[in-house]
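>>> just need the structure, nothing else, for what follows:
(one chain, ligands or ions: 1)
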Amino acid sequence: KLSKRLEAVASFVPSGAVVADIGSDHAYLPCYLVHKGIIKKAIAGEVVKGPYESAVKQVKAEGLTDNITVRLADGLKAIQEADGVDTITIAGMGGPLIVSILEKAPEVLKTATRLILQPNIHAKAIREWAIANHWAILDEVILKEDEKIYEILVLQHGDMELTEQEIYLGKHSMAKKTDVFIEKWSKEVQNLKRVLSSLEHAEATPEIAQKKTELLHLIS
Ligand code: SAM
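Residues are numbered from 1 along each chain as shown. A predicted model of the protein is given here:
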């Protein structure tokens, strides 16, 4: 059974899409999408040999070698023009790593129409990248599984404007204000308050003063 987290990623894959799942590990997500009849064709990309071999093994075991091509490649290099990929999923990594993968292959991104990104941390980095690279956030989900909180961002080509607060929290997530959203950010505020109070006793250098101002701004 697929994790609740990857099931939520899968729920944003359009029916009939050609998917590239980058950092696929066991290729659970593409296997699930084909089995469910949502898609017929996918690429599973992995840069590390061990996970790549797990993906090859899984695809074979599930009898999906006609549908899923597994490639050992760094990031979006796993995608070839002839694949006709329109949907890219990148899940289970930090926001900055996802951004570095997206930054390395701008050409591939021109033909993609949807990016489904699931950062474990620092979703903010993805929102900043999206604004700068003309991607707009279509939807966002925040969910909890095994005591961990995850965010999913769905992007399509377009421009958007976000306030500083929306870059942090996510415009859609702010509007939905789910219990998980409130839990995540209450904890975050607690952490920031702790950092701030530890700075109270720190030497009053300009750097510390700057940090204090930043933190106060975040929790206000
Ligand atoms: N996507 C799966 C999921 O969400 O459950 C697996 C997540 S796993 C924690 C992250 C995977 O990304 C690892 O298998 C790692 O080898 C792979 N990875 C990291 N950087 C990568 C890159 N530049 N290109 C392709 N795969 C990468």
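>>> and the contacts of stretch 144-161?
When contacts are taken as Cβ atoms under 8 Å, 6 or more residues apart in numbering, the neighbours of stretch 144-161 outside the stretch itself are 3-5, 8-9, 12, 91, 113-120, 123, 126-127, 130-131, 134-143, 170, 173, 180, 183-184. (C-beta placed from N, C-alpha, C; glycine too.)
>>> turn the buried ones among the residues you listed into a named PyMOL selection, would you?
In PyMOL syntax, the buried subset of these is picked out as below (16 or more other Cβ atoms under 10 Å):
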select buried, resi 3+5+8+9+12+91+114+115+116+117+118+119+120+123+126+127+130+131+135+137+138+139+140+141+142+143+170+173+180+184
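>>> which of the residues in the helix or strand bottoming out on mean pLDDT in the chain are buried?
Of the helices and strands making up the chain, the lowest-confidence element is helix 206-219, at a mean of 82, by mean pLDDT, DSSP states H and E. Neighbour-count burial for helix 206-219, with 16+ other Cβ under 10 Å as criterion, is recorded at residue 212.
>>> can I get the biggest helix by length in the chain as PDB, trimmed to CA atoms?
When the chain is parsed with DSSP state H, its longest helix is helix 179-200. Coordinates of the C-alpha atoms in helix 179-200 are reproduced here as PDB (Å, rounded to 0.1, in the frame of the first residue of the first chain):
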ATOM      1  CA  ASP A 179      -5.600  21.500  11.800                       C
ATOM      2  CA  VAL A 180      -2.200  20.200  10.500                       C
ATOM      3  CA  PHE A 181      -1.400  23.600   9.100                       C
ATOM      4  CA  ILE A 182      -2.100  25.200  12.500                       C
ATOM      5  CA  GLU A 183      -0.100  22.500  14.200                       C
ATOM      6  CA  LYS A 184       2.900  23.000  11.900                       C
ATOM      7  CA  TRP A 185       3.100  26.700  12.300                       C
ATOM      8  CA  SER A 186       2.300  26.800  16.000                       C
ATOM      9  CA  LYS A 187       5.300  24.500  16.600                       C
ATOM     10  CA  GLU A 188       7.400  26.700  14.300                       C
ATOM     11  CA  VAL A 189       6.500  29.800  16.200                       C
ATOM     12  CA  GLN A 190       7.400  28.100  19.500                       C
ATOM     13  CA  ASN A 191      10.800  27.200  18.000                       C
ATOM     14  CA  LEU A 192      11.400  30.800  16.800                       C
ATOM     15  CA  LYS A 193      10.400  32.100  20.200                       C
ATOM     16  CA  ARG A 194      13.000  29.800  21.800                       C
ATOM     17  CA  VAL A 195      15.700  31.000  19.500                       C
ATOM     18  CA  LEU A 196      14.700  34.600  20.100                       C
ATOM     19  CA  SER A 197      14.900  34.200  23.900                       C
ATOM     20  CA  SER A 198      18.300  32.600  23.600                       C
ATOM     21  CA  LEU A 199      19.400  35.600  21.600                       C
ATOM     22  CA  GLU A 200      18.200  37.900  24.500                       C
END
